[in-house]
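[1] Model the structure of this input:
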Amino acid sequence: MALGWVFDGGRPCLDLVNTLRDRHADGVELLTGPDALAEWLARAGFSVDEVTTGNVLAAKALREAVDRVLQAVAAGEAPGKMDVDLLNEAAAAAPPPPARLRIDDDGRPRREVPGPPDPVASAFAVLASDAIDLVTGDVAVRICAAEDCSLRFCDASPRRSRQWCSMARCGNRAKARAHYARTKSR
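    Next up is the predicted model:
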């Protein structure tokens, strides 16, 4: 498939948020179906066997919740309860599920070990946990300053003054435009 995946966010949860491109315009959806989500998860380093349409819907819901929570926190506002609940529920699916104590009808204790965790839910748990760490940490989340980009990225620069999602892409184009404008006016 080889869609235009970009992993310049600096954090896995931001790379997920960046699967909806051109948010400043009408948006370009990259998670178009199970195959696209499976490819993104694989390129993001998660091992999944099967992805369903329901997983795609869940990924989009998680992506938008992460973005809204980050935007709210950046604006100094409280994030919405539904978004916080969604992040917490997704993070709670993190493996391994604990063993449980079960008492049989005859009163004997049994150790009940749940089945293997769902790999997609486990990936979402990692992404949600990463978002929680990001929101509660001291790293600034920015939106690329390029007019034709809206990718989110972590600004861990010493002065928190990073402007572009990637110097190789947006930063280089902005500097080239500025250079062209300077030389043209001479």
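
[2] longest helix of the chain?
    Assignment by DSSP state H gives helix 53-74 as the longest helix of the chain.

[3] What are the boundaries of the helices in the chain?
    Going by DSSP H, the chain shows helices at 12-17, 34-43, 53-74, 81-92, 119-136, 172-184.

[4] quick check: mean pLDDT across the fourth one?
    If I follow you right, that is helix 81-92. Helix 81-92 carries an average pLDDT of 95.

[5] Kindly report the same for stretch 121-129.
    The average pLDDT for stretch 121-129 rounds to 93.

[6] sorry, back to before: and among the helices of the chain, the most buried is which?
    helix 12-17 (a mean of 25; mean count of other C-beta atoms under 10 Å). The C-beta positions use only the backbone N, C-alpha and C, and glycine is treated the same way.

[7] pull the CA atoms of that one into CSV?
    This file holds the C-alpha atoms of helix 12-17, laid out as CSV (Å, rounded to 0.1, in the frame of the first residue of the first chain):
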residue,chain,number,x,y,z
PRO,A,12,3.8,7.4,19.0
CYS,A,13,0.5,9.1,20.0
LEU,A,14,1.3,12.1,17.9
ASP,A,15,2.2,9.9,14.9
LEU,A,16,-1.3,8.5,15.3
VAL,A,17,-2.8,12.0,15.4
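
[8] which residues touch it?
    Contacting residues not belonging to helix 12-17 are listed as 6-9, 40, 44-45, 59, 62-63, 66-67, 70, 126-128, 130-131, 134, 141, 152-154 [C-beta atoms under 8 Å, 6 or more residues apart in numbering].

[9] redo that, cut-off 7 Å
    Contacts to helix 12-17, defined as C-beta atoms under 7 Å, 6 or more residues apart in numbering, come from residues 7, 9, 44, 63, 66-67, 126-127, 130-131, 134, 141, 152-154.

[10] Show me which of these is closest to Leu30.
    Closest approach to Leu30 among these (C-beta to C-beta): Arg63, at 10.2 Å.

[11] Please look at the closest one and Arg23 and confirm they touch.
    No - applying C-beta atoms under 7 Å as the test, Arg63 and Arg23 come out as separate, 11.1 Å apart.

[12] and which of the contacts of helix 12-17 is nearest Pro117?
    Nearest to Pro117 among the contacts of helix 12-17: Val126, at 11.3 Å, using C-beta to C-beta.

[13] In contact with the closest one, which residues are there?
    Taking C-beta under 7 Å, 6+ apart, we find Val126 in contact with Pro12.

[14] Much appreciated, bye for now.
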